[in-house]
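Asks: One predicted model, sequence on top.
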Amino acid sequence: MNSPLVCDSCRTLHSAEDLDHFRMLGLEPTYNVNVADVRQRYLQLSREVHPDRHAVQTGESLKASARLNEAYRVVRDDVLRAEYLLELHGGVASTEDKTVAQDVLAATLMLHEEIAEAHAADDTGALTTLRQQVEERQSTTVAQIAELARQLPGDEDLRKQLRAALNAMKYYRKLAAEI
């Protein structure tokens, strides 16, 4: 396997510091990835950079392993991958822009109250219904995120739409955790 982390001929580790998550895994930075292929690449690279194989470069090996684990965690997840791509393409990080659509805020507040009431009443039927509603919102939002992320780099408006959708997903994940 031609790896950006290990020299094919001498097996020396290369620094992983300047590689983005996609390049580290030997992939093009795009939303559409084959998750099974990502896993296969990750497993192969994990073996290649493992500290047991690089006794002389243990410190570098540990850094490469940690960065590789993080790259795999991000690239295999649809939402985290879109978030990462957005920032790679100049989009604003969620820490700097917490914008969400007004209807998302209203719906989230309403669902939050309904979840609290269902918990207080120990109403498992209501909680099941609310879980389904939240899962539907998550599914719709993931589809929207995927559609927008496939268009990156896009223009500033597209990146703002994607940021808002990613922010909305955080609200829905919090609601799911409450249930």
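Replies: Great, that's in hand. Residues are numbered from 1 along each chain as shown.
Asks: can you give me phi and psi for Leu152?
Replies: Backbone geometry at Leu152, expressed as degrees, to the nearest 10, gives phi -60, psi 150.
Asks: Could you double-check that it sits in contact with His89?
Replies: Yes: between Leu152 and His89 there is a contact at 4.8 Å, judged by C-beta atoms under 8 Å. The C-beta positions use only the backbone N, C-alpha and C, and glycine is treated the same way.
Asks: who's more crowded, those two?
Replies: The neighbour comparison of Leu152 against His89 (other C-beta atoms under 10 Å) goes to Leu152, with 19 against 15.
Asks: Tell me the predicted confidence for the more buried one.
Replies: With respect to pLDDT, Leu152 scores 97.
Asks: Outside of stretch 141-152 itself, list whatever touches it.
Replies: Here stretch 141-152 makes contact (C-beta atoms under 8 Å, 6 or more residues apart in numbering) with 31-32, 78-79, 81-82, 85-86, 89, 154, 158-159, 161-162, 165-166, 168-169, 172.
Asks: How far does that stretch sit from its chain's centre?
Replies: Centroid separation for stretch 141-152 versus its chain: 13 Å, with C-alpha atoms, centre = their mean, to the nearest Å.
Asks: And for stretch 144-160?
Replies: On C-alpha atoms, centre = their mean, the centre of stretch 144-160 falls 15 Å from that of its chain.
Asks: go on, stretch 117-135?
Replies: Counting by C-alpha atoms, centre = their mean, stretch 117-135 is centred 27 Å from the centre of its parent chain.
Asks: Now that stretch: buried residues?
Replies: Neighbour counts using 16 or more other C-beta atoms under 10 Å place 118, 127, 130-131, 133-134 of stretch 117-135 among the buried residues.
Asks: Just the residues you listed: which are in strands?
Replies: Using DSSP state E, no member of the buried residues of stretch 117-135 falls in strands.
Asks: which among the residues you listed gets closest to Glu17?
Replies: Comparing those against Glu17 with C-beta to C-beta places Val134 closest, at 39.2 Å.
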